[in-house]
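Sequence first, predicted coordinates after that:
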Amino acid sequence: MKFGILKDIKADEYRVIATPAEVAMIARTGSDVLVQKGAGEGAGFADEAYVAAGAKLADTMEDIYATCDFVAKVKELEEREFPLIRENQIIFTCIHPAAHPAEVDALLQHKAISFAAEDSHRYGSPNCEAAGKIGAMMGLTSLMSCNGGKGKFVNGFGGAPGIHALVIGAGTVGRACVGVLQQLGARVTVMDINIGVLRSLAQQFHESIDTMISNHYNLTKILPTVDVVYNCVRWPKNATEYMIDRSMVASMEKGSVIVDISNDYGAIETFHETTHSNPTYIEEGVVHYCVSNIPAACGQSTSQAYAASVLPHFVSIINNGVAQACAKDGFLRRAMVTYKGYLTHEETSAIQDKPWIQPEVILGIKDQAIDPAPAATTSKSTNFIKL
């Protein structure tokens with residue numbers, strides 16, 4: 001098999017899907033590994049290091065797509081990549097398919113076998129941990145007067161109080177965010193819809209944080225009192241109302257900050273995506289930090305952690321084939337988005353009203369003893385394709 005590593009082309013993206021360490025392991029499977037020139041530069045990995053690990057260099061992404069059976073990168077496919085996809089080609093990257101219908105259509109049209117990396121993590125994505133930790137720091141920076149914020153320091157000074165931070169969502173992202181804020185001395189309130197999760201988090205931090213149930217009433221009451229809000233909720237793509245609407249944003253003190261780590265349209269009415277080059281804007285007097293690829297700010301650390309987490313999927317697919325790799329790992333199976341012209345992702349079917357087929361059915365493994373995994377989201381679809 002020819003395995004290709006692409007240089008990511010998203011604006012201000014510095015990560016790479018595999019470092020020289022992973023390339024060495026993939027090469028040991030007997031696969032030919034091609035790395036696009038400059039793929040690791042943003043993360044501090046030189047082309048020469050990839051060659052030393054057993055890879056060959058490819059000049060362009062066109063070369064990778066044209067020659068490789070298995071193609072991997074970090075972020076979503078850009079429109080200019082769509083025509084390059086080949087039939088039966090395996091593509092592994094963050095797809096976020098429910099929110100990107102054109103990307104899904106291209107994968108279906110070209111009959112690719114694609115996996116959404118974000119759904120493939122058994123123990124939570126390292127990118128989620130990184131987004132929470134780095135996002136916490138970005139919020140504190142955005143609070144500074146020179147960045148349009150109200151000018152408060154995280155744990156205060158003698159005679160001046162520190163900040164009150166609100167973290168909404170206590171999953172992998174939220175927990176990582178709380179960890180940084182709490183250690184830096186901020187007063188932290190965490191909101192979630194699961195009281196058991198909140199109880200566990202309070203115990204983890206030795207009852208040094210406040211917890212609240214996340215609902216419209218509590219959010220409306222607390223927002224005028226906080227200095228910075230971190231949205232760590234994976235907001236449903238088909239939600240019909242905002243979690244935080246414009247009037248709620250306007251109720252916050254001028255110079256307060258909203259950091260939308262989750263970056264889902266529909267959660268916060270005043271949200272629009274930003275980049276590392278131009279990370280903030282002000283609406284209703286509130287600084288908004290809405291960078292969609294926060295982990296890229298620490299390209300080397302996040303690449304190392306992320307690449308190590310997805311390597312087992314790469315090796316399993318190479319050694320076992322797609323069907324048996326999906327039978328052995330339910331998290332890989334639930335991450336499958338398309339298979340040779342068939343949609344295999346339930347959330348995408350539900351949100352985009354496209355017919356789908358379960359991965360285990362199309363792969364012919366439903367009668368095997370397959371590894372179980374929880375659904376990636378709560379979205380359900382009965383719009384099945386019948387073979």
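Ah, there it is.

how far away is residue 292 from residue 221?
30 Å (Cβ to Cβ, to the nearest Å). C-beta: built from backbone N, CA, C; applies to glycine.

Which one's more surrounded, those two?
Taking neighbours as other Cβ atoms under 10 Å, residue 292 and residue 221 compare with residue 292 leading, 21 against 11.

wait, what's in contact with that one?
263, 273-275 (Cβ atoms under 8 Å, 6 or more residues apart in numbering).

Need the phi and psi values for it.
Main-chain torsions, residue 292, degrees, to the nearest 10: phi -80, psi -20.

gap between it and residue 139?
Distance, residue 292 to residue 139, by Cβ to Cβ: 16 Å.

same check, this time on residue 317
Applying Cβ to Cβ, the value for residue 317 to residue 139 is 38 Å.

These two: who's more crowded?
residue 139 (28 against 24).

For the chain, which residues score under the pLDDT cut-off?
Under the criterion pLDDT under 70, no range of the chain is flagged.

Grab the longest helix from it for me.
Taking DSSP state H as the criterion, the chain has its longest helix at helix 299-328.

Counting by contacts, list what that one packs against.
When contacts are defined as 3 or more Cβ pairs under 8 Å, 6 or more residues apart in numbering; DSSP states H and E, helix 299-328 packs onto helix 20-27, strand 70-72, strand 90-93, helix 126-142, helix 330-335, helix 359-362.

which residues in the stretch 51-200 of the chain form helices?
61-67, 101-109, 126-142, 172-183, 195-204 (DSSP state H, counting those that start in this stretch).

mind putting those helices in CSV, distance to residue 50 included?
Formatted as CSV, the helices of the stretch 51-200 of the chain follow (distance: least, Cβ to Cβ, whole Å):
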stretch, distance to residue 50
helix 61-67, 13
helix 101-109, 27
helix 126-142, 21
helix 172-183, 30
helix 195-204, 39
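
which one of those lies closest to residue 305?
helix 126-142 (3.7 Å; Cβ to Cβ).

CA atoms only: put the closest one into PDB for me.
Output of helix 126-142 as PDB, limited to C-alpha atoms (Å, rounded to 0.1, in the frame of the first residue of the first chain):
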ATOM      1  CA  PRO A 126      -5.800  15.000  21.900                       C
ATOM      2  CA  ASN A 127      -7.000  17.900  19.800                       C
ATOM      3  CA  CYS A 128      -9.900  18.400  22.200                       C
ATOM      4  CA  GLU A 129      -7.500  18.500  25.100                       C
ATOM      5  CA  ALA A 130      -5.200  20.900  23.300                       C
ATOM      6  CA  ALA A 131      -8.200  23.100  22.300                       C
ATOM      7  CA  GLY A 132      -9.300  23.300  25.900                       C
ATOM      8  CA  LYS A 133      -5.900  24.200  27.300                       C
ATOM      9  CA  ILE A 134      -4.800  26.600  24.600                       C
ATOM     10  CA  GLY A 135      -8.300  28.100  24.400                       C
ATOM     11  CA  ALA A 136      -8.100  28.900  28.100                       C
ATOM     12  CA  MET A 137      -4.900  30.900  27.500                       C
ATOM     13  CA  MET A 138      -6.300  32.700  24.500                       C
ATOM     14  CA  GLY A 139      -9.200  33.900  26.600                       C
ATOM     15  CA  LEU A 140      -6.900  35.300  29.200                       C
ATOM     16  CA  THR A 141      -4.900  37.100  26.500                       C
ATOM     17  CA  SER A 142      -8.100  38.500  24.900                       C
END
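
list the contacts for residue 147?
Counted by Cβ under 8 Å, 6+ apart, residue 147 has contacts 141, 280, 287.

I meant to write residue 332 there.
115, 120, 313, 316-317, 325-326.

one step back: redo the helices and strands packed on helix 299-328 as CSV? Include distance to residue 376.
Shown next, in CSV, are the helices and strands packed on helix 299-328 (distance: least, Cβ to Cβ, whole Å):
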stretch, distance to residue 376
helix 20-27, 24
strand 70-72, 19
strand 90-93, 15
helix 126-142, 13
helix 330-335, 5
helix 359-362, 12
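
Go through those and name the closest to residue 82.
Closest among these, once you apply Cβ to Cβ, is strand 90-93, at 11.2 Å.

which residues touch that closest one?
17, 69-77, 85, 107, 112-117, 310, 313-314, 317, 322.
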